[in-house]
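Colleague: Next one to model:
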Amino acid sequence: MTVRSGSPGWYLRRLSRMGPREIGGRVADTLRRRQWRAAPPACPEVTGARFTAVLPAGTLAAVPADAAKRLVAEAEGLMAGHAEFFGVVRDDLADPDWCLDPKTGRRAPWGYAFDVPYRDEDAVGDVKQIWEPSRHQYLTVLAAAYALTGDERYAERVAAHLRSWWAANTPLRGVHWTSGIELGIRLLSWVWIRRLLDGWPGAAALFEDNPVALNQIWHHQRWLAAFPSRGSSANNHVVAEAAGQLAAACAFGWFPSSARWRDRALRTLERQLRANTFASGLNRELATEYHGLVLELGLAAVAEADTAGVPVPATARLVLLRMTDALAAVVDDRLRPPRQGDADDGHGLVVDGAGTDRWGSLLATGEAVFGRLPWWPEVTGTDVRTPLLAALLRPYGTDVSRPASRPAHFADAGLTVLRGPDGIWCRCDGGPHGFLSIAAHAHADALSVEVRQDGVDVLADPGTYCYHGQPAWRIYFRSTLGHNTLELDGTDQSVSGGPFLWTRHARSQVLAVEPSAALAGGTARWCAEHDGYQGSAHRRQVELTAATRELRITDEVGGPSRAVRLAFHLGPAVTADLAGSRALLTWTGDGGERSAVLDLPAGLSWRAHRGESEPPLGWYSAGFGRKEPSTTLVGTGFTDGAAPSEKFTTVLGFRGRGA
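Modeller: Below is the predicted model:
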């Protein structure tokens with residue numbers, strides 16, 4: 001069943017996941033929106049505003065030359081009007097239409113912000129395509145190019161686009177005033193734009209001496225103070241809102257309410273960083289890209305507080321430290337983290353050009369601020385953001401307990417990484433379904449595995465692809481069939497109530513784990529089960545043996561006879577030659593051709609699927625809005641209800657280089 005956001009059924013299901021306090025808060029929000037329609041708040045008069053949150057002397061000189069070169073190349077493309085957002089190439093960025101979705105050709109309707117049906121693609125278009133340029137992160141790139149080169153063309157383009165945006169998006173009007181995360185990230189961008197343009201003669205006239213800018217900055221902060229994400233929605237959105245509010249209140253502290261906004265935002269940020277993060281350091285949404293987003297937002301927000309001399313609770317810094325150590329622990333040999341849960345390519349602060357590795361950049365910043373542990377993977381790339389943030393952030397972590405060796409099992413998150421020789425990396429999922437009552441960014445992926453060699457996806461998590469407007473694709477990419485796990489009776493392990501809503505969550509439990517033995521030449525093991533299929537238990541054991549370079553997956557299903565589908569999604573670089581229940585896998589990796597043999601359970605009937613659309617099957621999404629055909633092997637059959645349980649064994653054997 002497809003339940004679209006905004007339908008009556010969706011509202012009922014959404015309401016069922018809220019508690020009394022959240023419902024009360026949302027009722028108050030509704031009343032305030034009605035009040036603002038009749039009597040919108042007014043920005044107080046500001047005089048004598050000055051911007052002092054500048055970069056320390058010498059900071060720009062620390063930017064590596066190759067990182068600066070990539071940034072300038074990116075800026076030149078933007079100056080020519082070229083950009084790509086979520087797989088859509090645009091050539092209109094020289095003079096953008098701020099409400100146009102270039103993918104559908106639709107323009108978001110004008111009017112009171114809270115009347116805009118932004119979830120309805122038929123009325124608005126793809127709202128992600130409309131929102132993304134208005135996060136103004138491409139303008140932070142242009143501003144950084146100005147700071148590094150002194151070329152005033154970049155500064156003038158930034159100023160023209162900000163003035164255009166401010167004129168076209170007056171407070172509380174239109175689609176750009178509907179979502180708090182957008183306002184929060186936009187404020188953070190404006191802070192960095194002002195900082196990076198500080199050497200430009202027109203910077204003050206653009207910001208602190210500009211009544212239009214002051215009105216926009218005030219209204220953004222007033223909106224965030226009035227309408228925080230709450231209750232079942234208090235995930236990465238509330239972190240972005242608090243980060244943007246804190247950054248603006250520190251750097252643009254020109255208003256009577258600035259100190260109050262700052263203190264409240266800092267308290268919220270500290271509380272929500274803790275709430276959104278397991279003690280192990282992994283993000284509770286169990287969606288890796290949101291781990292990166294929250295870490296970027298937290299670092300950027302704390303940097304503003306440090307610059308303003310505002311004391312930051314040690315607990316907030318400790319969360320960011322643990323998140324950084326956890327990231328260093330889970331990445332593969334090419335610094336790629338797991339592809340778990342939703343991913344929408346969201347960033348907290350962008351000042352780098354194309355080709356800069358996001359995860360390497362975060363680890364480089366972590367090294368500069370927290371210090372590198374001996375077991376951390378080596379970061380060889382460079383970036384612009386690290387020296388800028390490191391110049392503002394106060395060092396932390398020298399007297400804090402940190403892991404003495406590389407963690408492989410994160411018990412609270414249910415994530416385990418098995419590592420073997422020759423770059424073999426395997427992620428096993430035995431954790432909670434997701435975060436909070438709606439688990440908005442979770443996938444129905446209990447007991448799924450993700451396998452790589454030298455950073456190449458062999459058994460891949462297919463990704464996310466889309467959120468709004470394409471329900472069949474949204475359903476597929478977060479379905480049980482869309483992951484490397486076992487499905488019963490054609491149903492997901494957890495029950496969906498909409499594109500960002502799960503009404504019943506499968507519960508998983510890790511039963512046994514020995515994650516590091518393969519690195520010592522032995523066999524690493526992991527075993528877990530979940531209760532998502534009522535009346536039947538699904539248990540999975542994964543063993544990685546160093547001597548044979550084999551990964552053995554044993555699925556055990558108990559209960560009555562049921563239809564089985566077991567899926568293995570191959571990475572887009574992998575070619576499969578399937579004969580019966582054996583597949584020869586080949587791909588090109590470091591050092592040339594690589595191969596593996598996948599022996600599949602003979603008790604199932606196996607078929608290869610690639611690039612199918614009705615229904616979707618055999619796809620890989622490398623990033624939001626992009627998909628490409630890939631091979632999915634699906635085995636179908638039935639369990640034997642007469643036996644207490646039935647086992648299905650799969651063996652992935654890696655061959656030597658060139659074999």
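
Colleague: Let me know whether residue 630 touches residue 618 as I believe.
Modeller: Yes - using Cβ atoms under 8 Å, residue 630 is in contact with residue 618, at 6.1 Å. From N, CA and C alone the C-beta is placed, and that goes for glycine too.

Colleague: Find residues that contact each of these two.
Modeller: Listed as contacting both residue 630 and residue 618 by Cβ atoms under 8 Å, 6 or more residues apart in numbering are 610, 611.

Colleague: can you pull out the helices in the stretch 1-150 of the chain?
Modeller: 8-16, 20-38, 65-79, 121-124, 127-131, 137-149 (DSSP state H, counting those that start in this stretch).

Colleague: Make TSV out of those and add distance to residue 388 and mean neighbour count.
Modeller: Shown next, in TSV, are the helices of the stretch 1-150 of the chain (distance: least, Cβ to Cβ, whole Å; neighbours: other Cβ atoms under 10 Å):
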stretch	distance to residue 388	mean neighbour count
helix 8-16	40	14
helix 20-38	36	13
helix 65-79	11	18
helix 121-124	35	16
helix 127-131	25	23
helix 137-149	8	25
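
Colleague: Which one of these lies nearest to residue 537?
Modeller: Residue 537 lies closest, by Cβ to Cβ, to one member of these: helix 8-16, at 26.9 Å.

Colleague: and residue 283, what are its phi and psi?
Modeller: phi -70, psi 140 (degrees, to the nearest 10).

Colleague: for residue 510, helix, strand, or coil?
Modeller: strand (DSSP: H, G, I helix; E, B strand; the rest coil).

Colleague: In contact with it: list those residues for me.
Modeller: 409, 411, 414, 416, 430, 526, 527, 528.

Colleague: What confidence value was assigned to it?
Modeller: On the pLDDT scale, residue 510 is placed at 98.

Colleague: and it, what are its bridge partners?
Modeller: residue 528 (DSSP bridges).

Colleague: and it, how far is that from residue 281?
Modeller: Using Cβ to Cβ, to the nearest Å, residue 510 is found at 18 Å from residue 281.

Colleague: again, but for residue 583
Modeller: For residue 583, the distance to residue 281 (Cβ to Cβ) stands at 37 Å.

Colleague: The two: which is more packed in?
Modeller: residue 281 (27 against 23; other Cβ atoms under 10 Å).

Colleague: Report the contact partners of that one.
Modeller: 319, 321, 322, 323, 324, 325, 326, 327, 329, 410.

Colleague: Same check on residue 312?
Modeller: When contacts are counted by Cβ under 8 Å, 6+ apart, residue 312 touches 266, 270, 302, 305, 306, 394.

Colleague: per-residue pLDDT, residue 6?
Modeller: 62.

Colleague: next one: the one 4 residues further on
Modeller: In the prediction, the pLDDT value recorded for residue 10 is 67.

Colleague: Let me know the closest of the contacts of residue 510 to residue 227.
Modeller: So of these, ranked by how close each gets to residue 227 (Cβ to Cβ), first place is residue 414, at 33.2 Å.

Colleague: Which positions within the biggest helix by length in the chain qualify as buried?
Modeller: The longest helix of the chain (DSSP state H) is helix 288-308. Neighbour counts over helix 288-308 (16 or more other Cβ atoms under 10 Å) mark 288-308 as buried.

Colleague: How far off centre is that helix?
Modeller: 14 Å (Cα atoms, centre = their mean, to the nearest Å).

Colleague: Against which helices or strands is that helix packed?
Modeller: Using 3 or more Cβ pairs under 8 Å, 6 or more residues apart in numbering; DSSP states H and E, the elements in contact with helix 288-308 are helix 180-196, helix 236-251, helix 258-275, helix 314-330, helix 358-370, helix 385-392.

Colleague: Tell me which of the ones you listed sits most buried.
Modeller: Ranked by average neighbour count under the criterion mean count of other Cβ atoms under 10 Å, those are headed by helix 236-251 at a mean of 28.

Colleague: so what does that one touch, helix or strand wise?
Modeller: helix 180-196, helix 211-226, helix 258-275, helix 288-308.

Colleague: Format these as CSV; extra columns: mean pLDDT.
Modeller: Shown next, in CSV, are the helices and strands packed on helix 236-251 (pLDDT from 0 to 100):
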stretch, mean pLDDT
helix 180-196, 98
helix 211-226, 98
helix 258-275, 98
helix 288-308, 98
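
Colleague: who wins for proximity to residue 423 among those helices?
Modeller: Residue 423 lies closest to helix 288-308 among the helices and strands packed on helix 236-251, at 19.3 Å (Cβ to Cβ).

Colleague: Next, the angle from that closest one to helix 258-275.
Modeller: 140 degrees (axes from the mean of the first three to the mean of the last three Cα atoms, to 10 degrees).

Colleague: between helix 288-308 and helix 314-330, what angle do the directions make?
Modeller: Going by the same axes, to 10 degrees, helix 288-308 makes 140 degrees with helix 314-330.

Colleague: Helix 358-370 and helix 288-308, what's the angle between them?
Modeller: 40 degrees.

Colleague: hang on, residue 586 is in a strand, isn't it?
Modeller: Yes - according to three-state DSSP, residue 586 belongs to a strand.

Colleague: Could you pull up the residues touching residue 419?
Modeller: Counted by Cβ under 8 Å, 6+ apart, residue 419 has contacts 408, 425, 426, 515, 516, 518, 519, 524, 544.

Colleague: So for these, which is the shakiest by pLDDT?
Modeller: residue 518 (78).

Colleague: pretty sure it contacts residue 549?
Modeller: No - Residue 518 is beyond contact range of residue 549, at 9.3 Å (criterion: Cβ under 8 Å).

Colleague: so which of the contacts of residue 419 would you say is closest to residue 339?
Modeller: residue 425 (11.8 Å).

Colleague: how close does that closest one get to residue 82?
Modeller: 35 Å.

Colleague: Residue 68 too?
Modeller: Residue 68 sits 20 Å away from residue 82, going by Cβ to Cβ.

Colleague: do residue 387 as well
Modeller: Counting by Cβ to Cβ - residue 387 and residue 82 are separated by 27 Å.

Colleague: returning to that earlier point: filter the contacts of residue 510 down to the buried ones and express that as a PyMOL selection.
Modeller: Filtering the contacts of residue 510 down to the buried ones (16+ other Cβ under 10 Å) takes a single PyMOL command:
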select buried, resi 409+414+416+430+526+527+528
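
Colleague: which pair in the contacts of residue 510 spans the largest distance?
Modeller: Among the contacts of residue 510, 411 and 527 lie farthest apart (Cβ to Cβ), at 13.7 Å.

Colleague: Which residue is the nearest non-sequential neighbour of the residue sitting nearest the centre point of the chain?
Modeller: Nearest to the mean C-alpha position of the chain, by Cα atoms, centre = their mean, lies residue 289 at 2.5 Å. Using Cβ to Cβ, 6 or more residues apart in numbering and skipping residues adjacent in sequence, the residue nearest residue 289 is residue 343, 3.8 Å away.

Colleague: So the one you found sits against residue 463, correct?
Modeller: Yes - the pair residue 343 / residue 463 is scored as a contact, 6.3 Å apart, by Cβ under 8 Å.

Colleague: Pull up the overlap in contacts between those two.
Modeller: Shared contacts of residue 343 and residue 463, counting by Cβ under 8 Å, 6+ apart, come down to residue 623.
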